[in-house]
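Asker: My questions concern the predicted model and sequence given below.
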Amino acid sequence: MNYKKSNQIIGLVLNATPGYSETFFISKIKGLQQTGHKVILFVNKREKHFNLCEVRKSFDIHKGNPTLFLINFIYAFFRLSCHPKNSLRFIKLEKKDNVSFFEIIKKMYLNTHLLTQNLDWIHFGFATLALGKEHVAKSINAKMGVSFRGYDINVYPLKHKDCYKLLWKNVDKVHSISQFLIDKAYTLGMDKDIVIEIITPAVNINDLPKLEVNSSSKINIVSISRLNWIKGLDIGIHAMKLLKDKNIDFEYHIIGDGNQIEIERYKFQSLQLELGNQLIFHGKLSHSQSLEVLKTATIYIQPSLNEGFCNAVLEAQAMGLLCVVSDGGALPENVINEETGWIFPRGNYKKLAELILKVNTLPKEVKEGFSLRAKKRIMDKFTIEQQIEQFVKFYN
Amino acid sequence: MNIIIYNGNLEPPHFVNLLANKLGEKEHSVFLAGTANYFFRKKKKKLVLISTDSNNFYLMMIHLIFNGWRLFFSKPQLFFKFIKLLFKSEKSVRIRIKQFLIWSKLIFIKADIVHIQWASHIILFEEILEEHLFKTVISLRGRLLNVSPYIDADLKELYIRNFPKVDAIHAVSKDILSNLSKLGIDAKKSRIIYSGVDLKNIPLKEIYDNSGILEVLSIGRFNWIKGYNYALYAVKELLLKNINVHYTIIANGENEEIIYLIEELELQKNVTIVSELSHIEVLNKMISSDLLLLPSVSEGLANVVLEAMAVGLPVLSSNCGGMKEVITPHENGWLFENRNPENMAFVIEEILKMDNKSIEKMAINGKEYINKNHNLEQMCDQMIELYHEL
């Protein structure tokens, strides 16, 4: 690909430096660098081994160590005083919004690593990361971009009403991974005039293994998801109970980890519904290990109550797996019902079980048709190259 | 007799408090022991609160120095025994210090019986169970018996290793006791003592009116085990059938899943979450409600159901755990199939078809059942009988 060298300095704000399995950010950073942009990462937690680009870490609060905090505070004050224009603009903007003096000082300390920069763009990797930093971009004369993720828009505002009021006022451009999140953001008060770009996750098709031919009659069902309530795994597990009651020969593999309470919740459900060894919890697997499980699967299911988009479903389709997903969030943008997969009403485990049985009994050529259409759609519309191209456009 | 109720901390739930206070009234010295951020003992009515250790590092060190010296000078043999036992242990240093502090405190207050309220705390006593320094009783309740050991292999091993060494096991229901054999646990002595309600201090519901909006009430902390997600789906189902229902959940804190489901199912006008209520406020809320719903997926025996029955509030519970032992369907309450919101909604519909008189009769039966089988006096007498037999 040949891109015009544009040489912008883009500050990407994340909670932590991305792990190498977090392909979305890694490919974004690499793509922007390839096209001549400079990327600086601003994080709260830094991994020592990360060397893809320059990294700046925020100042810590150092709870329980007042001496260290004081040293840091003096150093932050010194650094901010070297950029008086930025600092004064920040104070002015905050004062305009009637923020208390103490809050302004706190925000300045926490944003020192950003306020002392010379950037063209500040891009917040998640909307929640922009909270308390809404005036930073304007203070340093940079443009402000923000990415929407599922949790940002679907869950966080339920607990914090009007939390994005300041964000909507200050953001220049929004990146969303789906149309669903944009529509939802409008209901949260996002201005219709804000420029929006949908850049979906992408799949590196070359990395994916081929599906193994399943000669046995057993249905191998797989889900990849954290054991979080929003993933609707209780719906998936309940559907398996219905399959078991019908004496269907199946195995359900759940790949993903959760905290102690979450693990207990789903393992206990499996125990109570007497699913025995037909339900396998794999815990957290590496990407290649997950692919190993996926390649022996017959059907991929995603019973989520809501999804921002869902990379796992995208990857499953790219491998040619038959996908049955709920209509939660952006999943209907990810899977085209009755064309690249099947969609059931979220929360309805009976419908999910019915669909699994229906899909399993389809003639071989019909299944192949779905598989080919899904693969083709991913290869046409969800490639890494397209994603990079869209990101470069985003900043130009 | 010096009875120590070990609760883990000094902020016990209502029913542990009730047990401890009532035992205190029965002419025994009762101490409530657990971790706290203060050093000296406190007195609450006839109950003495003993801080065994602390989460605060500095306070923990003060405890260690003070208890260490005191034990070394008063009972050097025990001092060295404890050190030897803990030296052999593979637990973390922090846990071992905690154990030393608890044990020495129990020696200082001349404990005759230590009643461990939560099964998993057996880990803090396991090295001295066979030393016969005092008798031990352990209570089997809820999740710690009917969920966690099935998932956590280490916890199951801990129970298998130690329950046979305990002097007596108290179970809150037949169902929870049945876990012992399911988990392959051997026990010397076990007894079911059903939880009791303090009937002297309970207000009574007098008006039963089935017309108008059905006020359904659930009480219990936010946790998946309470099955609130299933209850919300049932409420939605009722509303879709044009049945006017309002659902109140009394629970402290907040829960993303429940807030999300209320919005997703568009139940904002039909569901209210109330928090931070005192016990008497909760009882008053029971009086103004029409039905207590227990949507839990697992319970040893839910005290809240016993209390609601004592108040005279009709109860509908899932058929999980020990609930079947209390509720006889259509006689003193109703049961629905566990994890089945459709069935939950169906039973509520059936209840709505009943006339006020029949509902009142059901509530009266519930009250009588609790008076007969779950009063606090009776429970304490049975508990003391168990202590005396040791």
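Answerer: Great, that's in hand. Numbers count the residues shown, from 1 in each chain, chains lettered A, B, ... in the order given.

Asker: which residue ranges form the helices in the stretch 201-350 of chain B?
Answerer: Taking DSSP state H, counting those that start in this stretch as the criterion, the stretch 201-350 of chain B contains helices spanning B:228-240, B:256-264, B:279-287, B:303-311, B:323-326, B:341-353.

Asker: and the end-to-end length of stretch A:29-46?
Answerer: 16 Å (CA to CA, to the nearest Å).

Asker: likewise stretch B:41-54?
Answerer: Note: stretch B:41-54 ends 13 Å apart using CA to CA.

Asker: Pull out the buried residues from it.
Answerer: Buried residues in stretch B:41-54, defined by neighbour count with 16 or more other CB atoms under 10 Å in any protein chain shown: B:46-54. From N, CA and C alone the C-beta is placed, and that goes for glycine too.

Asker: for stretch B:252-261, same thing?
Answerer: B:255-261.

Asker: Out of those residues, which are close to chain A?
Answerer: Counting by CB under 8 Å from any CB of the partner chain, B:256-257, B:259-261 from the buried residues of stretch B:252-261 sit close to chain A.

Asker: how about CSV for these, with pLDDT added?
Answerer: Output for those, formatted as CSV (pLDDT from 0 to 100):
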residue, pLDDT
B:Glu256, 94
B:Glu257, 96
B:Ile259, 95
B:Tyr260, 96
B:Leu261, 96
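
Asker: farthest-separated two in these?
Answerer: Greatest spatial distance among those (CB to CB): B:Glu256 and B:Leu261, at 9.6 Å.

Asker: Minimum distance to chain A, which residue of the stretch 251-390 of chain B gives it?
Answerer: B:Glu257 (4.2 Å; CB to the nearest CB).

Asker: Quick one: residues contacting that residue.
Answerer: Applying CB atoms under 8 Å, 6 or more residues apart in numbering or on different chains, we find B:Glu257 in contact with A:229-230, B:224, B:229.

Asker: let's see it at 10 Å
Answerer: A:155, A:228-230, A:305, B:222, B:224, B:228-229, B:232 (CB atoms under 10 Å, 6 or more residues apart in numbering or on different chains).

Asker: need those in a markdown table with pLDDT and neighbour count, can you?
Answerer: Putting these into a markdown table (pLDDT from 0 to 100; neighbours: other CB atoms under 10 Å in any protein chain shown) gives the following:
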| residue | pLDDT | neighbour count |
| --- | --- | --- |
| A:Val155 | 93 | 20 |
| A:Asn228 | 95 | 19 |
| A:Trp229 | 96 | 23 |
| A:Ile230 | 96 | 20 |
| A:Leu305 | 97 | 22 |
| B:Phe222 | 95 | 19 |
| B:Trp224 | 96 | 22 |
| B:Tyr228 | 97 | 26 |
| B:Asn229 | 96 | 22 |
| B:Leu232 | 97 | 24 |
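
Asker: For A:Met379, grab phi and psi.
Answerer: phi -60, psi -30 (degrees, to the nearest 10).

Asker: Strands of the stretch 1-150 of chain B, residue ranges please.
Answerer: Counting by DSSP state E, counting those that start in this stretch, one finds strands in the stretch 1-150 of chain B at the ranges B:2-9, B:29-35, B:42-44, B:47-51, B:113-116, B:135-140.

Asker: Could I get those strands in TSV, plus columns for distance to A:Gln179?
Answerer: Supplementary listing: these in TSV, determined by distance: least, CB to CB, whole Å:
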stretch	distance to A:Gln179
strand B:2-9	50
strand B:29-35	52
strand B:42-44	60
strand B:47-51	58
strand B:113-116	56
strand B:135-140	53
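
Asker: what about the residue lying closest to A:Ile177 once chain neighbours are set aside, which helix or strand?
Answerer: Nearest residue to A:Ile177 in three dimensions, chain neighbours excluded: A:Phe309, at 4.3 Å (CB to CB, 6 or more residues apart in numbering or on different chains). In the assignment (DSSP states H and E), A:Phe309 maps to no helix and no strand.

Asker: right, and B:Lys105 touches B:Ser51 too?
Answerer: Yes - with contacts counted by CB atoms under 10 Å, B:Lys105 reaches B:Ser51, the gap being 8.4 Å.

Asker: Now do the shared contacts for those two.
Answerer: Common neighbours of B:Lys105 and B:Ser51 (CB under 10 Å, 6+ apart) are B:33, B:41, B:63.

Asker: domain parsing for chain B?
Answerer: Listed by automatic domain parsing, the domain ranges of chain B are B:2-196+B:376-388, B:199-373.

Asker: Those: lowest mean pLDDT?
Answerer: Ranked on mean pLDDT, the bottom entry among the domains of chain B is domain B:2-196+B:376-388, at a mean of 90.

Asker: And that domain, end to end?
Answerer: 12 Å.

Asker: Stretch B:135-154 now?
Answerer: Start-to-end span of stretch B:135-154 (CA to CA) is 25 Å.

Asker: So that stretch, near chain A or not?
Answerer: Yes - using CB under 10 Å from any CB of the partner chain, we find that stretch B:135-154 touches chain A at B:143, B:146-148, B:150-152.

Asker: possible to save those residues as TSV with neighbour count?
Answerer: Output for those, formatted as TSV (neighbours: other CB atoms under 10 Å in any protein chain shown):
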residue	neighbour count
B:Arg143	19
B:Asn146	26
B:Val147	22
B:Ser148	18
B:Tyr150	18
B:Ile151	17
B:Asp152	16
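
Asker: Of the residues you listed, which belong to helices?
Answerer: B:143, B:146, B:148, B:150-151 (DSSP state H).

Asker: any idea which of those residues is the one closest to B:Glu131?
Answerer: Closest approach to B:Glu131 among those (CB to CB): B:Ser148, at 27.0 Å.

Asker: which residues does the residue lying closest to that closest one once chain neighbours are set aside contact?
Answerer: Leaving aside its chain neighbours, B:Ser148 sits nearest to B:Leu155 (5.4 Å; criterion: CB to CB, 6+ apart). B:Leu155 makes contact with B:119-120, B:122-123, B:144-145, B:148-149, B:183 under the criterion CB under 10 Å, 6+ apart.

Asker: Would you report the backbone torsion angles of B:Leu155?
Answerer: phi -70, psi -40.

Asker: Kindly report the same for A:Glu134.
Answerer: According to degrees, to the nearest 10, A:Glu134 has phi -60, psi -30.

Asker: Let me know the closest of the buried residues of stretch B:41-54 to chain A.
Answerer: Using CB to the nearest CB as the measure, the one of the buried residues of stretch B:41-54 that approaches chain A most closely is B:Ser54, at 16.5 Å.

Asker: where's the nearest residue in space to that closest one that is not next to it in sequence relative to A:Asn334, distance?
Answerer: Nearest residue to B:Ser54, sequence neighbours excluded (CB to CB, 6+ apart): B:Met60, at 4.9 Å. Using CB to CB, to the nearest Å, one gets 53 Å for the distance from B:Met60 to A:Asn334.

Asker: Could you check the pLDDT of the nearest residue to A:Gln386 once chain neighbours are set aside?
Answerer: Take A:Gln386 and drop its neighbours on the chain: the residue closest to it by CB to CB, 6+ apart is A:Ala202, 6.6 Å away. On pLDDT, A:Ala202 comes in at 89.

Asker: Tally up the residues packed near A:Ala202, please.
Answerer: Neighbourhood size, A:Ala202 [other CB atoms under 10 Å in any protein chain shown]: 23.
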